[in-house]
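Student: Let me see the structure of the following:
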Amino acid sequence: MIHFLLATILFLTSPFPSPREASPLSSLTTFSLSRFQMEMIPGGFYFPTFFENLAPATTFLIEESNGFALLDPPRVYFEGDSITQFSWSVNQFPTSSSLNPGTPGVIPPLGLVSQLQLARNSPLSSWSGMNFCLGTPPLSSSSLALHVSHVWPNMGGMIPGATFMLQPHATTEERDNLLSSIRRQFTHNTLVDLVGRPALSFLELTLGATYFRAERQFNDFNHFHQFFKEPGELTLFLVQAKKKISAFDCEFLTIINHISRENLTAELGRLPQETLSSHRNSIFSGLNFSSSWLRARLSFLREKNNLNPQTINLAKELMDNDGEGFFPFEKWGEFQAKTWRFDLTLPFSFNLGSSLKGQFYISLKQTNLTGKEASHQFNPLLFNNKPYQVIIWQGDKDWQNSNGYFRSGLQAKPSFLAAWF
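Tutor: Below is the predicted model of the structure:
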């Protein structure tokens, strides 16, 4: 039913940008959700909802409803590619994480997102993945927009007479009795979103902030009909400044994120003793210069993540409830990444009997990674509650490495194709 309602909303409103919201991404390769559509769809400003219910050719591996997955690292399969190959950007600034490939290094405040764009790999575009387009809600020249929401779960019981729709599992009675009545859910969540646009004659300045605090309930597969609770919080802050200097439109962007969780990987069905506490901070700064003959972007992303296990030297039962946690020993310690990116685009146009338009582009990236990785001393392995083996770890280790890439290309569009794209 919910998918039918969402499809109806999308049918009544175009999924492509309006002329005022024109995007450099081709509509042939990009699926877009406008601000109006985001406001009409339940949970539309939560980008996990975009992947879970709307985006084509994607599989979102985290259960999402009303922002439930907002605290989780996104795991997005797109057009058959690995989740570690998925790309993220904000206003076309690349912001993919170097610490956790396939996840965003930073997320902009939710109230400043004017459009969600998903672009596939194509010769028509030098960019692919998820892009957050920034824009402010309708404001006067100098004003604030404040949004506050809170969730109170379990405020009522079942609708009278509706229990007939909850049929038991269509197998044996013995199997039905093994179905847990506990489901993951919010115990509470609070969201505060603030957008401001100070009145400055010499500069177009935009400020935004989002604070999200939630407590979630997950199944505890150590015990039947049991659960454990995980508190978490998310803080997003953004400063954007725009100014026209001579022939150039200049943009400066800074985004700061803080994410704190007590049971990372609980969203994957891990047992509470297998989860980790996570405290992640990241800051992004970027400069953009654009004109009719040049577009240049320079950016820097710094990430830091502290991970600590809930249980040291935990024992692992190999008869896992779903097999996903066969080897649940995630890396932990203190990890940092510094990423520099530079993108240059040179548009061109020729008219020698027939017109030819295109662009030459260059992308550079340099990443430095450091880690103070810690480890367990040992981990006993059990099978059906009987001793099986013991993993002996080699001890803590510090490491660092650097990597970079260079990419260049040329895109051209002859006149007989111009009317098609």
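Student: Okay, now the sheet partners of the helix or strand that contains residue 254, with direction.
Tutor: Here residue 254 sits within strand 248-264, counting by DSSP states H and E. Next to strand 248-264 in the sheet, as set by DSSP bridges, lie strand 227-245 (antiparallel), strand 276-290 (antiparallel).
Student: Of those strands, flag the one that's most buried.
Tutor: strand 276-290 (a mean of 19; mean count of other CB atoms under 10 Å). Any C-beta I mention is one placed from the backbone N, CA and C, and that applies to glycine too.
Student: CA-only coordinates of that one in PDB, if you can.
Tutor: C-alpha atoms of strand 276-290 as PDB (Å, rounded to 0.1, in the frame of the first residue of the first chain):
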ATOM      1  CA  LEU A 276      31.000  -1.500  18.900                       C
ATOM      2  CA  SER A 277      30.600   2.000  20.300                       C
ATOM      3  CA  SER A 278      31.400   4.500  17.600                       C
ATOM      4  CA  HIS A 279      32.200   8.200  17.800                       C
ATOM      5  CA  ARG A 280      32.800   9.700  14.400                       C
ATOM      6  CA  ASN A 281      33.700  13.300  13.500                       C
ATOM      7  CA  SER A 282      34.300  14.700  10.000                       C
ATOM      8  CA  ILE A 283      34.800  18.200   8.500                       C
ATOM      9  CA  PHE A 284      34.600  19.100   4.800                       C
ATOM     10  CA  SER A 285      35.600  22.400   3.100                       C
ATOM     11  CA  GLY A 286      35.400  23.200  -0.600                       C
ATOM     12  CA  LEU A 287      35.900  26.000  -3.000                       C
ATOM     13  CA  ASN A 288      34.100  26.300  -6.400                       C
ATOM     14  CA  PHE A 289      34.900  28.700  -9.200                       C
ATOM     15  CA  SER A 290      32.700  28.600 -12.300                       C
END
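Student: send the alpha carbons of the strand holding residue 254 over as PDB?
Tutor: Provided in PDB are the C-alpha atoms of strand 248-264 (Å, rounded to 0.1, in the frame of the first residue of the first chain):
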ATOM      1  CA  PHE A 248      33.300  33.900 -11.800                       C
ATOM      2  CA  ASP A 249      30.600  32.600  -9.600                       C
ATOM      3  CA  CYS A 250      32.400  31.600  -6.300                       C
ATOM      4  CA  GLU A 251      31.100  29.300  -3.700                       C
ATOM      5  CA  PHE A 252      32.600  28.300  -0.300                       C
ATOM      6  CA  LEU A 253      31.200  25.400   1.600                       C
ATOM      7  CA  THR A 254      32.000  23.900   5.000                       C
ATOM      8  CA  ILE A 255      30.100  20.900   6.500                       C
ATOM      9  CA  ILE A 256      30.800  19.400  10.000                       C
ATOM     10  CA  ASN A 257      29.300  16.100  11.200                       C
ATOM     11  CA  HIS A 258      29.300  14.300  14.500                       C
ATOM     12  CA  ILE A 259      27.800  10.800  14.800                       C
ATOM     13  CA  SER A 260      27.700   8.900  18.100                       C
ATOM     14  CA  ARG A 261      26.400   5.300  18.500                       C
ATOM     15  CA  GLU A 262      26.700   2.700  21.200                       C
ATOM     16  CA  ASN A 263      26.000  -0.400  19.200                       C
ATOM     17  CA  LEU A 264      27.400  -0.100  15.700                       C
END
